[in-house]
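**Q** Quick one: sequence and predicted model below, then my questions.
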Amino acid sequence: MKSIKLDDLGPTKQLQIYDPESGLRALVVVDNIALGPAIGGVRISPTVSLLEVARLARTMTMKSAISGLDHGGGKAGIIADPKQKNIEQLVRAFARMMRGIEEYVPAPDMGSDETMMVWIKEEIGRVLGLPEELGGLPLDKLGATGYGIAECAEVACKQLAKPLKGARVAIQGFGNVGRAAARFLEEKGAVIVAVSDSSGTLADKEGFKVTELIQLKQKNGSLNGSPQGELLPGDAIFAIDCDILVPAATPDVIHPDNFEQIKAGLILQGANIPVTLEAEKALASKGILVVPDFIANAGGLIMAAMEYRRKSAEESFTAIGQKIQENTARILHKAHKEKLLPRAAAEQLAVERVKAAMAMRDLSHPWK
Ligand code: NAD
């Protein structure tokens, strides 16, 4: 088993939690808090591991730093099925365990939602991603991350001298991120030719209407039973003939054994760490432009940071558009000029900012 790598940035805390009373098993990694309190989603999944949480926490450090936010990076995982009966008891037990970890602010992630954020708020008062009715900015309902992906697409297409209008898009994962990305990309004139979820890949080269796909998923709970298109196996999404591929589901889905199938010229990482580093290098050598997760999917974090500052949804969308457009242009320019992978260009800029903050701070006194 691969172990967590310790380096100049962190992680500063790794916790494995077990509560015999509720049966809660949870993992928390606070990666770096030099820029401010660490915001990080709570992933609920039976298979979440400490290594996965640590890699995601590092992604959050990078995402905050490159987005110019005054936050560090962290992440949590609850080892459970989000649909299991006692999930409220587990989430509340988890929240109470976080009471003393004041430098970490929980937020929604895969498997957790706004309702669970209310439970955490009730237990410890410290949470982001609350429903609007309770003064929050429900980033999934508003589609913050998907909005940012569409903004990123606009700049990346310019770099490739290809129009976004008419571009054929395939999206892996039709959840919060995938649905919103489809909606906002369609608004910009792109054509959604395939989407996938755990039930398979639904494809039609003529393109789908996103509202109809959303209705199908709401009605059937999956992509099964569509009157349009062909239902293929889940992995078929990677081989779809398209211009833009958005992996928006789980980690490491594009790897050295399947990257050859990809026909898209542009990959926007909607999920966190969806492409292994090896595959990212191999894709670059094939001339495929890959915009890394912490640039392309920063919309949700930017909205969470705006909620922390009590800003409105409108102000958040403006900030997401500006920051993601600027960042995409900046890293693609640096990568091109210095012959780097876009990820390496972005990491250099993010690490520089974190290290400058670390040089000025005593991290044994975390900021709240
Ligand atoms: P979600 O649970 O709403 O949706 C995930 C979707 O992926 C579901 O439709 C599920 O059926 C599908 N899926 C799962 N396994 C799959 C597989 N093997 N093949 C195809 N589809 C599969 O989650 P989400 O909030 O949309 O998050 C998706 C990813 O984006 C995660 O990696 C998350 O960390 C990342 N992310 C989310 C946000 C956000 O704002 N929600 C922000 C940044 C990054």
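**A** Received it, and whenever you're ready, just let me know what you need. Numbers count the residues shown, from 1 in each chain.
**Q** give the contact list for the residue of the stretch 51-200 of the chain found nearest the ligand.
**A** Nearest to the ligand, among the residues of the stretch 51-200 of the chain, is Gly175, at 1.7 Å (CB to the nearest ligand atom). The C-beta positions use only the backbone N, C-alpha and C, and glycine is treated the same way. For Gly175, the contacting residues are 110, 197, 248-249, by CB atoms under 8 Å, 6 or more residues apart in numbering.
**Q** and the nearest residue to Leu277 once chain neighbours are set aside, how many neighbours does it have?
**A** Of all residues not flanking Leu277 in the chain, Arg343 sits nearest, at 7.7 Å (CB to CB, 6 or more residues apart in numbering). Counted with other CB atoms under 10 Å, the neighbours of Arg343 add up to 23.
**Q** Which residues of the stretch 51-200 of the chain lie near the ligand?
**A** 109-110, 139-140, 144-145, 172-178, 196-198 (CB under 6 Å from any ligand atom).
**Q** Restricted to strands, list those residues.
**A** If you go by DSSP state E, these have 172, 196-197 in strands.
**Q** So, low pLDDT: which residues of the protein?
**A** 1 (pLDDT under 70).
**Q** for it, what spans make up the strands?
**A** Under DSSP E, the chain gives strands at 13-19, 24-32, 38-45, 72-79, 104-108, 168-172, 191-197, 200-208, 230-232, 244-247, 266-268, 289-291.
**Q** the inter-axis angle of the second one versus strand 38-45?
**A** On the basis of axes from the mean of the first three to the mean of the last three CA atoms, to 10 degrees, strand 24-32 is oriented at 150 degrees to strand 38-45.
**Q** What pairs with strand 24-32, parallel or antiparallel?
**A** strand 13-19 (antiparallel), strand 72-79 (antiparallel) (DSSP bridges).
**Q** Can you tell me which of those strands is most buried?
**A** strand 72-79 (a mean of 29; mean count of other CB atoms under 10 Å).
**Q** got the CA coordinates for that strand in PDB?
**A** Extracted C-alpha coordinates of strand 72-79, given in PDB (Å, rounded to 0.1, in the frame of the first residue of the first chain):
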ATOM      1  CA  GLY A  72      -5.500  26.200   3.600                       C
ATOM      2  CA  GLY A  73      -6.400  22.700   2.500                       C
ATOM      3  CA  GLY A  74      -8.000  19.800   4.300                       C
ATOM      4  CA  LYS A  75     -10.400  16.900   3.700                       C
ATOM      5  CA  ALA A  76     -12.400  14.400   5.700                       C
ATOM      6  CA  GLY A  77     -13.700  11.000   4.900                       C
ATOM      7  CA  ILE A  78     -16.500   9.000   6.700                       C
ATOM      8  CA  ILE A  79     -16.200   5.300   5.900                       C
END
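**Q** Most proximal residue of the stretch 201-350 of the chain with respect to the ligand?
**A** Gly300 (2.8 Å).
**Q** So what's the residue count around that residue?
**A** By other CB under 10 Å, neighbour count at Gly300 equals 30.
**Q** Check Arg58 too.
**A** 26.
**Q** and if you look at Glu102?
**A** 13.
**Q** Met360 too?
**A** 7.
**Q** ok, it to the ligand distance?
**A** 29 Å (CB to the nearest ligand atom, to the nearest Å).
**Q** check contacts around that residue.
**A** Residues near Met360 by CB under 8 Å, 6+ apart: none.
**Q** wait, what's in contact with the residue lying closest to Ala319 once chain neighbours are set aside?
**A** The shortest distance from Ala319 to any residue that is not its chain neighbour, by CB to CB, 6+ apart, is 5.6 Å, and that residue is Ile302. Shown in contact with Ile302 (CB under 8 Å, 6+ apart): 67, 69, 144, 148, 316, 319-320, 323-324.
**Q** Could you list the domains of this protein?
**A** 13-65+74-139, 144-297+324-351 (automatic domain parsing).
**Q** what's the closest of those to Tyr308?
**A** Minimum separation from Tyr308 across the domains of the chain (CB to CB) falls at domain 13-65+74-139, 6.2 Å.
**Q** so how far is the closest one off the chain centroid?
**A** Mean-position distance between domain 13-65+74-139 and its chain equals 14 Å (CA atoms, centre = their mean, to the nearest Å).
**Q** count of neighbours near Gln159?
**A** So Gln159, with other CB under 10 Å, has 17 neighbours.
**Q** need the contact list for it.
**A** Residues in contact with Gln159 (CB under 8 Å, 6+ apart) are 289, 329, 332, 336.
**Q** could you dump these to CSV with neighbour count?
**A** Converted to CSV, the contacts of Gln159 look like this (neighbours: other CB atoms under 10 Å):
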residue, neighbour count
Leu289, 21
Ala329, 15
Leu332, 22
His336, 13
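**Q** What parts of the stretch 201-350 of the chain come near the ligand?
**A** So far as CB under 6 Å from any ligand atom goes, the stretch 201-350 of the chain lies against the ligand at 234, 248-250, 270-272, 297, 300.
**Q** if you set the cut-off to 5 Å instead, what comes out?
**A** Contact residues, the stretch 201-350 of the chain versus the ligand (CB under 5 Å from any ligand atom): 234, 249-250, 271-272, 297, 300.
**Q** check contacts around the closest residue to Ser222 other than its chain neighbours.
**A** Distance criterion CB to CB, 6+ apart; nearest residue to Ser222, sequence neighbours excluded, is Ser199 at 3.7 Å. Ser199 is in contact with 222-224, 231, 234, counting by CB under 8 Å, 6+ apart.
**Q** that older thread, by neighbours, which of the contacts of Gly175 wins?
**A** Ala248 (31 neighbours).
**Q** For the strands paired with strand 24-32, give me JSON lines that also has distance to Lys368.
**A** Putting the strands paired with strand 24-32 into JSON lines (distance: least, CB to CB, whole Å) gives the following:
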{"stretch": "strand 13-19", "distance to Lys368": "15"}
{"stretch": "strand 72-79", "distance to Lys368": "12"}
